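> only geometry, no sequence info:
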């Protein structure tokens, strides 16, 4: 079945550091890929998505590229801010009508 | 802007009480989902529904039931609340199309004492 493997956290960075959160997936066919962000005490919000190979999703300075050859969708940001502190979830939408989520990665950005 | 509204942000209930968590979406989505989220365990699917009056068990349905009498409303019911059901509950809805994803509510933090 479909699965998503995310980089284990927690991740702690200083402000303005470069961020990478790794995400790899297993799925049949051509899934769509998503990153969600959850701020403390809130629900999940869609951060960005990509629906086909080589697509790049981007939002709020975050980017992720759908790499079919490596089955990956790594999240990157060039310069993180304290306000980026949150839990980040990678997810895929494959053959089923449901999303399959990774386990989440806690990011803390220190001033 | 599309919305999924959960009736309560915080709830405190006593052991043995019957608890209703309500979720309403205004996007005419067919699919609705209930998850619980606990530290270190990620998101776990409790129940989902692909249509009115339809429900399917997720990964951890024990101790829960659901109701979907109208398309926009999906209720999670704890028949007899227990302390191990203390958790963050998240409702989500979606179109069911591959590239669409879900819209989540803000969550209900339930404490059972």
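Ah, there it is. The shown structure was predicted, so the numbers you read here are calculated from the model rather than taken from an experiment. Numbering: from 1, shown residues only, chains lettered A, B, ... in the order given.

> Mind listing residues that contact the helix or strand of chain A with the lowest mean pLDDT?
When the helices and strands of chain A are scored by mean pLDDT, DSSP states H and E, strand A:99-101 comes last with a mean of 91. Here strand A:99-101 makes contact (C-beta atoms under 8 Å, 6 or more residues apart in numbering or on different chains) with A:1-4, A:27, A:34, A:36, A:89-94, B:42-43, B:94, B:101-102. Heads up, the C-betas are built off the backbone N, CA and C, glycines and all.

> The residues you listed in strands, which ones?
A:3-4, A:34, A:36, A:89-93, B:42-43, B:94, B:102 (DSSP state E).

> And those residues, which two are furthest apart?
A:3 and B:94 (19.3 Å; C-beta to C-beta).

> Look at the two and report which has more neighbours.
residue B:94 (24 against 13; other C-beta atoms under 10 Å in any protein chain shown).

> Quick check: beta-bridge partners of the more buried one?
Using DSSP bridges, the bridge partners assigned to residue B:94 are residue B:31, residue B:102.

> Correct me if wrong: it contacts residue B:50.
No - the criterion here is C-beta atoms under 8 Å, and residue B:94 misses it with residue B:50 at 10.0 Å.

> joint contacts of those two?
A:97, B:31.

> Stretch A:2-14 and chain B, any residue contact?
No - counting by C-beta under 8 Å from any C-beta of the partner chain, chain B has no neighbours in stretch A:2-14; the shortest distance is 9.1 Å.
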